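A.B. asks: Below are the sequence and a predicted model for it; my questions follow.
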Amino acid sequence: MSKQPRGVKGPLVFSAVLGVIAGIATMIFATGGGTKELRVDLGITAAGIAFIASLVISAMLLMTAKPNADHLGKGTGVNRSSAKIRGGAANLDEHGNPRGTKPGNNNDDDGAR
């Protein structure tokens, strides 16, 4: 099984971008108007929370990822065809009835009860 190196650069960049977006959005929306002062304190707080939360989630996803073994991608699995299965789709005629049976109406609504 080939081991792929797992770096921390990807999740760190992803978390930093989400933190910056959350910080800027919070600074703008928490201001309450164009004439008021930007709420930098709330922006930094929101950026920190978004950074830590997204970093924890990406780290948990990286820890739970388990790559498949190399031999699983080589076509060594079970490749069954419906033609080889007894009663499979290849054993039906053009009306959907199993081959070797009399074609007829299988409905019980013929009026005779």
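C.D. replies: Right, received. Where do you want to start?
A.B. asks: Please identify the helix or strand for I52.
C.D. replies: Assigned by DSSP states H and E, I52 falls within helix 40-64.
A.B. asks: Contacts for that helix, please.
C.D. replies: 6, 10-12, 14-16, 18-27, 30 (Cβ atoms under 8 Å, 6 or more residues apart in numbering). Heads up, the C-betas are built off the backbone N, CA and C, glycines and all.
A.B. asks: Just the buried ones from the residues you listed?
C.D. replies: For those, a burial check counting by 16 or more other Cβ atoms under 10 Å picks out P11, S15, L18, G19, A22, G23, T26, M27, A30.
A.B. asks: Identify the residues contacting the fourth one.
C.D. replies: Going back to what we said before, that points to G19. Contacts of G19 by Cβ under 8 Å, 6+ apart are A47, G48, A50, F51, S54.
A.B. asks: Now neighbour count, pLDDT and distance to G34 too, for those, in JSON lines please.
C.D. replies: Listed next are the contacts of G19 as JSON lines, based on neighbours: other Cβ atoms under 10 Å; pLDDT from 0 to 100; distance: Cβ to Cβ, whole Å:
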{"residue": "A47", "neighbour count": "21", "pLDDT": "97", "distance to G34": "22"}
{"residue": "G48", "neighbour count": "13", "pLDDT": "97", "distance to G34": "26"}
{"residue": "A50", "neighbour count": "21", "pLDDT": "97", "distance to G34": "25"}
{"residue": "F51", "neighbour count": "20", "pLDDT": "97", "distance to G34": "28"}
{"residue": "S54", "neighbour count": "19", "pLDDT": "96", "distance to G34": "30"}
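A.B. asks: Output those as JSON lines; include the columns distance to E37.
C.D. replies: Formatted as JSON lines, these follow (distance: Cβ to Cβ, whole Å):
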{"residue": "A47", "distance to E37": "18"}
{"residue": "G48", "distance to E37": "20"}
{"residue": "A50", "distance to E37": "22"}
{"residue": "F51", "distance to E37": "24"}
{"residue": "S54", "distance to E37": "28"}
